[in-house]
Structures are given as structure tokens and as C-alpha cells.
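Q: need a 3D model of the sequence below.
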Amino acid sequence: MNIGTAIKYLRKQKELSQTELAELCGLTQTALSQIENGSRRPNTDTMKKLTDYFQVPEILIYMLATEPADIPANKREMFDIVFPNLRKMLISVFE
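A: A predicted model of the protein is given here:
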């Protein structure tokens with residue numbers, strides 16, 4: 001699971017630079033960069049700031065961060081069938 005990838009996706013959807021998003025959320029650009037590249041996980045306070053800014057529930061970020069490797073092998077085939085459509089639906093609801 002790469003939460004940073006999901007946050008980066010949401011940031012790019014808003015056409016924001018890391019610096020712009022960091023300032024809007026009271027973070028440093030370095031901290032946001034570390035989150036996006038996966039070297040740092042956002043703490044509860046940071047997640048709250050990000051979800052408030054993007055106006056999305058925290059679960060959406062976790063759903064967008066889910067990768068096939070996160071799913072048990074015996075469930076991966078179903079994940080591959082269902083998840084792409086679920087992802088599109090969730091994104092369209094919160095855009």
C-alpha cells in the first residue's frame with residue numbers, strides 16, 4: 001500500500017505543486033515529498049489536513065493506495081476484476 005501515490009494522484013487532479021499543497025495543508029514541501037515517495041507515512045494529523053483539503057474520506061485515500069500486492073494471492077483475481085471499476089466510481093464521486 002502506497003498512501004503517497006494516492007495523495008500524489010489527488011494533488012495532480014487539483015493541478016497543484018507539492019509546495020502549493022504543502023502550504024495549503026500547513027506542511028513543509030519536504031514532508032509532503034517524503035509522503036508521496038513513500039519514505040514517510042502521514043500521521044493522523046497530517047491525514048486529517050489532507051482529507052479536509054481534498055474533501056474526501058480517509059478511506060478513499062486508503063482505497064486508492066491499495067495495490068495488487070496488498071491482496072492475498074487467492075483473492076487477487078477477483079480484485080483485478082472488481083477494483084478498476086470501483087476505483088473509477090470512487091474517483092468520480094469525489095471529483
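Q: for the protein, what's the longest helix?
A: Assignment by DSSP state H gives helix 76-94 as the longest helix of the chain.
Q: just how off-centre is that one within its chain?
A: The offset between the C-alpha centroid of helix 76-94 and the centroid of the whole chain comes to 14 Å, using CA atoms, centre = their mean, to the nearest Å.
Q: which other helices and strands contact that helix?
A: Here helix 76-94 is seen to pack against helix 58-65 when contacts are counted using 3 or more CB pairs under 8 Å, 6 or more residues apart in numbering; DSSP states H and E. All C-beta spots, glycine's among them, are computed from the backbone N, C-alpha and C.
Q: residues of the helix it packs on that come out buried?
A: Taking 16 or more other CB atoms under 10 Å as the basis for neighbour counts, the residues of helix 58-65 that come out buried are 60-61, 63-65.
Q: residue 6 in helix, strand or coil?
A: The three-state label for residue 6, taken from DSSP: H, G, I helix; E, B strand; the rest coil, comes out as helix.
Q: next, the contact list for it, please.
A: For residue 6, the set of contacting residues under the criterion of CB atoms under 8 Å, 6 or more residues apart in numbering consists of 61-62, 64-65.
Q: okay, the angle between the longest helix of the chain and helix 58-65?
A: An angle of 130 degrees separates the directions of helix 76-94 and helix 58-65 when computed by axes from the mean of the first three to the mean of the last three CA atoms, to 10 degrees.
Q: list the buried residues for helix 76-94?
A: 79, 83, 90-91.
Q: same thing with stretch 40-57?
A: 40, 42, 46-47, 49-51, 53-54, 56.
Q: got the contact list for residue 11?
A: Under the criterion of CB under 8 Å, 6+ apart, the contact list for residue 11 reads 18, 21, 36.
Q: can you pick out the most distant pair from the buried residues of helix 76-94?
A: Using CB to CB, the pair of the buried residues of helix 76-94 lying farthest apart is 79 and 91, separated by 17.1 Å.
Q: list just the nearest of the buried residues of stretch 40-57 to residue 5.
A: Nearest to residue 5 among those: residue 42, at 12.5 Å, using CB to CB.
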